[in-house]
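K.L.:
Okay, sequence plus prediction incoming.
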Amino acid sequence: MGLPRRAREPTELRKSLKPLLEKRRRARINESLRQLRALVLPLLGLESSGCSKLEKADILEMTVRFLQELPASSCLAAAPTPSDSYREGYGACLARLARALPACGALERALGARLLEHLRQRAAGASPDGGRPEDSCGSPSPSAPPTPAPSPPASPRGPGLWRPW
């Protein structure tokens, strides 16, 4: 006695899809190996025409050897530090503001120029945490207490829930 038709369908479907999935997986692996070969051979100083019949294992071994020979410091030096990234972002924002400020006409030309000059001076000593030993005037900045947020107006209905409308 055989299994009912419904019980066999998922099994048959899996069996028919397995070769297709395997073919796609192999194609992805081969494409990645082709790209890896194209990247690694020039870095090793080898010509791709002379190494046309490299096996997959050879490509992987050359890649591993190349990565092991890389100095560890070159990988670390390539990554920007947070403060470098902050300065680059600050500079990009400043450049965008310098283009947009004259175009919008919101400020007088002299005031806009003073603002941009002030921001450029601040950019020279900008840090991600905002901590600076001195303010733009050159004197130590006193630690001023934060200004308190304004309290909402009293409601005409009483001390209940405040609503802005």
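P.N.:
Cool, got the structure.
K.L.:
going forward, measure contacts and count neighbours with C-alpha atoms only.
P.N.:
OK.
K.L.:
List the buried residues for the helix or strand containing residue 100?
P.N.:
Assigned by DSSP states H and E, residue 100 belongs to helix 82-104. Burial within helix 82-104, assessed by neighbour count using 16 or more other C-alpha atoms under 10 Å, is assigned to 86, 87, 90, 91, 94, 98, 101.
K.L.:
next SSE after it?
P.N.:
In the C-terminal direction, the helix or strand that comes right after helix 82-104 (DSSP H and E) is helix 109-124.
K.L.:
quick one: which helix or strand includes residue 17?
P.N.:
Counting by DSSP H and E, the secondary-structure element that holds residue 17 is helix 5-44.
K.L.:
Output the contacting helices and strands for that helix.
P.N.:
With contacts defined as 3 or more C-alpha pairs under 8 Å, 6 or more residues apart in numbering; DSSP states H and E, the packing partners of helix 5-44 are helix 56-69.
K.L.:
List every C-alpha atom in the helix it packs on, with coordinates, as PDB.
P.N.:
Presented in PDB, the C-alpha positions along helix 56-69 are these (Å, rounded to 0.1, in the frame of the first residue of the first chain):
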ATOM      1  CA  LYS A  56      39.500  26.600  -7.600                       C
ATOM      2  CA  ALA A  57      41.700  25.400  -4.700                       C
ATOM      3  CA  ASP A  58      44.700  27.300  -6.300                       C
ATOM      4  CA  ILE A  59      42.700  30.600  -6.400                       C
ATOM      5  CA  LEU A  60      41.600  30.200  -2.800                       C
ATOM      6  CA  GLU A  61      45.200  29.300  -1.700                       C
ATOM      7  CA  MET A  62      46.600  32.400  -3.500                       C
ATOM      8  CA  THR A  63      43.900  34.600  -1.900                       C
ATOM      9  CA  VAL A  64      44.700  33.300   1.600                       C
ATOM     10  CA  ARG A  65      48.400  33.700   1.100                       C
ATOM     11  CA  PHE A  66      47.900  37.300  -0.200                       C
ATOM     12  CA  LEU A  67      45.700  38.200   2.800                       C
ATOM     13  CA  GLN A  68      48.200  36.700   5.300                       C
ATOM     14  CA  GLU A  69      51.100  38.700   3.700                       C
END
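K.L.:
I'm done for today, thanks for sticking with me.
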